[in-house]
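**Student:** next input, structure requested:
(2 chains)
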There are 2 protein chains.
Amino acid sequence: MTEWFVRGKLTDSVPADDRGFQYGDGLFETLAIRGGQPRFWDLHYDRLHIGCERLGLPVPAERSLSSDLQRAVVASDIDIENATAKIIVTAGSGPRGYRRPDELRSVIRIGLYDSVLPGADAFREGVTVRLCQTRLAIQPQLAGIKSLNRLEQVLARREWRDPSIMEGLMLDTDDRLICGTMSNVFICSKDSIATPALSRCGVSGVMRRHIIASLARNGLHCDVRDIELDELYAADEIFLTNSQFGVLPVRRVGDEDSIVGAMTRNVMHIAAAAGVAECAL
Amino acid sequence: MTEWFVRGKLTDSVPADDRGFQYGDGLFETLAIRGGQPRFWDLHYDRLHIGCERLGLPVPAERSLSSDLQRAVVASDIDIENATAKIIVTAGSGPRGYRRPDELRSVIRIGLYDSVLPGADAFREGVTVRLCQTRLAIQPQLAGIKSLNRLEQVLARREWRDPSIMEGLMLDTDDRLICGTMSNVFICSKDSIATPALSRCGVSGVMRRHIIASLARNGLHCDVRDIELDELYAADEIFLTNSQFGVLPVRRVGDEDSIVGAMTRNVMHIAAAAGVAECAL
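**Tutor:** Numbering: from 1, shown residues only, chains lettered A, B, ... in the order given. Below you'll find the model as predicted:
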């Protein structure tokens, strides 16, 4: 079930001349709604803020956006104990052409979805991921933000249908490991934890940021740096993060087994204590 | 004025869950309608066909798409002597997530717009263009086709508001000249004509293809190859192509004057004789 709201009113359509539809001229956030409240609102708002500045879109006021979301959650028929909210900000309607209207009126739409989470065994035993052929292009102007231009992820997700494969990892066009199609990736080796830098491409996930901060608060440093593919295969442990599921251990990358070990368990433990109930085993 | 048709019926909206809106999961074509007929239909259909195959979308049957377009043109209130048609093909509606529905039902929408062309002086005296800071990312999987992921063009077009600047030229992230935000570019030096190869990024314009073929039929070879920025500034003459305006001479790139000379005139003459009336001076 899905419901869409614009300024608190239920709507199921978008004007055909909306620049989000015509050019992907916009951004989105996908939030976990837990117990009727958006989780990590500040982090989502912050990324949206950065994205709007990067794209030259008016930054929605935090209070007004937050109350729009709250209104949509309350008005929704979806089970808001565990739901997913998607906020889409576009450059609004305009005439044909890449040039935005001088008086830009961006539009905020809020979608509410039933929550779909992996089963308990995925959290306990880990998931299988694959390596995608589709590469992420190097485009610092769009790196880190969550724009509506997501064809690379769509193409990568097309590469497999096997339901036992949970996610596909993506490299950039220079062979660096970047992220999953819908998650970020972390590698653990000996006593160190690292996750790819996202200054050239990739989406800077809210859960990734939360985990890095939570680790730091627990005296654990996560290295944010370039990671080559070799390092992925050489890693002792691998885990994924995403705003909905939190932290998921990886037990297999393609044909290579990976260990679901103590470091990932510790990260999940820290995450569960820091508001990500999904990670409590 | 704009009108949108889906399967021959006037409509002004798109379902909020259309993957074209959610992820830019689709393609488009912008055709010139001249004398009530689409110009260079075969070339537009061919690019759309290639784009659908590249993105894994069902290829619309040529006859059915052509008759959809014809129906929309006939039903339209727009002056179809000189109009612009936009065909948008998306992956249709689907649940949340990058994964497309197993039973993919793509949707074709056709928009009709009044035609907006540069004045006669632009064709006679040439236009001013600038060099954009925004780069095109290298992504061979999306190169050449006209997908709905157009944020790079939107960002490039945001770089200027001066109405005397007609177009912005774009480099890729490796400093090669690629194309304009909404046009292709050709350079003439001594007796040779060249245009950038588009295997890494950029849109393979229908008018570009038509001009290359028309030149060949007139015994003139156009070199399709990598072009560095230096070559642009060193060129004797520069011109732009686009499906709506045909061929436009460039008289100035940033602060550097360029000559509107005999080679561009000859190309325009050949274009006018090959069905592009806009280029007849």
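
**Student:** can you give me the strands in the stretch 1-150 of chain A?
**Tutor:** Remark: strands assigned in the stretch 1-150 of chain A by DSSP state E, counting those that start in this stretch are A:2-6, A:9-10, A:13-15, A:26-34, A:37-38, A:82-90, A:107-114, A:127-131.

**Student:** in its sheet, what does the third one sit against?
**Tutor:** Right, strand A:13-15. Paired with strand A:13-15 in the same sheet, following DSSP bridges, are strand B:13-15 (antiparallel).

**Student:** what about whatever residue of the stretch 151-281 of chain A ends up closest to chain B, neighbour count?
**Tutor:** Of all residues in the stretch 151-281 of chain A, the one sitting closest to chain B is A:Arg157 (4.0 Å; Cβ to the nearest Cβ). Every residue, glycine included, has its C-beta placed from N, CA and C. The number of residues packed around A:Arg157, counting by other Cβ atoms under 10 Å in any protein chain shown, is 22.

**Student:** mind listing what it touches?
**Tutor:** A:Arg157 makes contact with A:Gly168, A:Thr181, A:Met182, B:Gly97, B:Tyr98, B:Arg99, B:Arg100 under the criterion Cβ atoms under 8 Å, 6 or more residues apart in numbering or on different chains.

**Student:** which residue packs closest to it, ignoring adjacent ones?
**Tutor:** B:Tyr98 (4.0 Å; Cβ to Cβ, 6 or more residues apart in numbering or on different chains).

**Student:** okay but the one you found is in contact with A:Ser183, surely?
**Tutor:** No. The pair B:Tyr98 / A:Ser183 is not scored as a contact, 11.2 Å apart, by Cβ atoms under 8 Å.

**Student:** for A:Glu159, give me its contacts.
**Tutor:** Residues near A:Glu159 by Cβ under 8 Å, 6+ apart: A:Arg130, A:Cys132, A:Gln133, A:Thr134, A:Gly168.

**Student:** and the pLDDT for it?
**Tutor:** At A:Glu159 the predicted local confidence, pLDDT, stands at 98.

**Student:** how close does it get to A:Leu169?
**Tutor:** The spacing between A:Glu159 and A:Leu169, counted by Cβ to Cβ, to the nearest Å, is 11 Å.

**Student:** dump the residue contacts of A:Ala274.
**Tutor:** By Cβ under 8 Å, 6+ apart, the residues touching A:Ala274 are A:His210, A:Ser214, A:Arg217.

**Student:** give me the phi and psi for the closest residue to the second one other than its chain neighbours.
**Tutor:** Looking back up the chat, that one is A:Ser214. In space, A:Ser214 comes closest to A:Ala274 once its chain neighbours are excluded; the distance is 4.3 Å by Cβ to Cβ, 6+ apart. Listed backbone geometry of A:Ala274 is phi -110, psi 30, with angles given as degrees, to the nearest 10.

**Student:** coming back round to it: neighbour-wise, which one of the contacts of A:Ala274 leads?
**Tutor:** Taking other Cβ under 10 Å to define a neighbour, the member of these with the most is A:His210, carrying 22 neighbours.

**Student:** okay, buried residues for the stretch of helix or strand that residue belongs to please.
**Tutor:** Mapping A:His210 onto the secondary structure by DSSP states H and E places it in helix A:206-217. Along helix A:206-217, the positions that meet the burial threshold by neighbour count (16 or more other Cβ atoms under 10 Å in any protein chain shown) are A:Val206, A:Met207, A:Arg208, A:Arg209, A:His210, A:Ile211, A:Ile212, A:Ser214, A:Leu215.

**Student:** now do the contacts for the second one.
**Tutor:** Contact analysis of A:Met207 by Cβ under 8 Å, 6+ apart lists A:Phe40, A:Asn184, A:Thr241, A:Asn242, A:Ser243, A:Gly246, A:Val247, A:Val276.

**Student:** equivalent analysis for the last one, please.
**Tutor:** A:Leu215 makes contact with A:Ile193, A:His221, A:Cys222, A:Val267, A:Ile270 under the criterion Cβ under 8 Å, 6+ apart.

**Student:** just the local confidence number for it, please.
**Tutor:** Per-residue pLDDT puts A:Leu215 at 98.

**Student:** please apply the same query to the second one.
**Tutor:** On the pLDDT scale, A:Met207 is placed at 98.

**Student:** SS state for the nearest residue to it once chain neighbours are set aside?
**Tutor:** With Cβ to Cβ, 6+ apart as the criterion, A:Met207 has its nearest non-adjacent residue at 4.1 Å, and that residue is A:Thr241. Each residue gets one of three states, and A:Thr241 gets strand by DSSP: H, G, I helix; E, B strand; the rest coil.

**Student:** tell me how far A:Gly180 lies from A:Thr30.
**Tutor:** Relative to A:Thr30, and taking Cβ to Cβ, A:Gly180 is found at 14 Å.

**Student:** who has more neighbours, the two?
**Tutor:** Relative neighbour count places A:Gly180 above the other of A:Gly180 and A:Thr30, with 26 against 21, counting by other Cβ under 10 Å.

**Student:** verify the stated contact: the more buried one with A:Leu171.
**Tutor:** No. A:Gly180 lies out of contact with A:Leu171 (Cβ under 8 Å); the separation is 11.3 Å.

**Student:** least confident secondary structure element in chain A?
**Tutor:** Taking mean pLDDT, DSSP states H and E as the measure, strand A:9-10 is the helix or strand of chain A with the lowest mean score, a mean of 84.

**Student:** any residue of that strand touching chain B?
**Tutor:** No. When contact is scored as Cβ under 8 Å from any Cβ of the partner chain, no part of strand A:9-10 falls within range of chain B; the minimum is 10.5 Å.

**Student:** now do the contacts for the nearest residue to A:Ser66 once chain neighbours are set aside.
**Tutor:** Excluding its sequence neighbours, the residue lying closest to A:Ser66 (Cβ to Cβ, 6+ apart) is A:Trp41, at 6.5 Å. If a contact means Cβ under 8 Å, 6+ apart, then A:Trp41 has A:Leu31, A:Ser66, A:Leu69 as its contacts.

**Student:** ok, so of those residues, who is nearest A:Asp17?
**Tutor:** Comparing the contacts of A:Trp41 against A:Asp17 with Cβ to Cβ places A:Leu69 closest, at 25.5 Å.

**Student:** give me the pLDDT for the closest one.
**Tutor:** What the model reports for A:Leu69 is a pLDDT of 96.

**Student:** before we move on, what about A:Gln133?
**Tutor:** The per-residue pLDDT reported for A:Gln133 equals 98.

**Student:** what about it, how many residues nearby?
**Tutor:** Residue neighbour count, defined by other Cβ under 10 Å, stands at 12 for A:Gln133.

**Student:** next one: phi and psi at the nearest residue to it once chain neighbours are set aside?
**Tutor:** Residue nearest to A:Gln133 in three dimensions, not counting chain neighbours: A:Glu159, with 6.1 Å by Cβ to Cβ, 6+ apart. Backbone torsions for A:Glu159, taken as degrees, to the nearest 10, come to phi -70, psi -20.

**Student:** which residue is nearest the centroid of chain A?
**Tutor:** Against the mean C-alpha coordinate of chain A, by Cα atoms, centre = their mean, the closest residue is A:Gly205 at 4.6 Å.

**Student:** got the contact list for that residue?
**Tutor:** Taking Cβ under 8 Å, 6+ apart as the definition of contact, the neighbours of A:Gly205 are A:Cys179, A:Ser183, A:Asn184, A:Thr241, A:Asn242, A:Ser243.

**Student:** the last one against A:Arg34, yeah?
**Tutor:** Translated: A:Ser243. No. Using Cβ under 8 Å, A:Ser243 is not in contact with A:Arg34, being 10.8 Å away.
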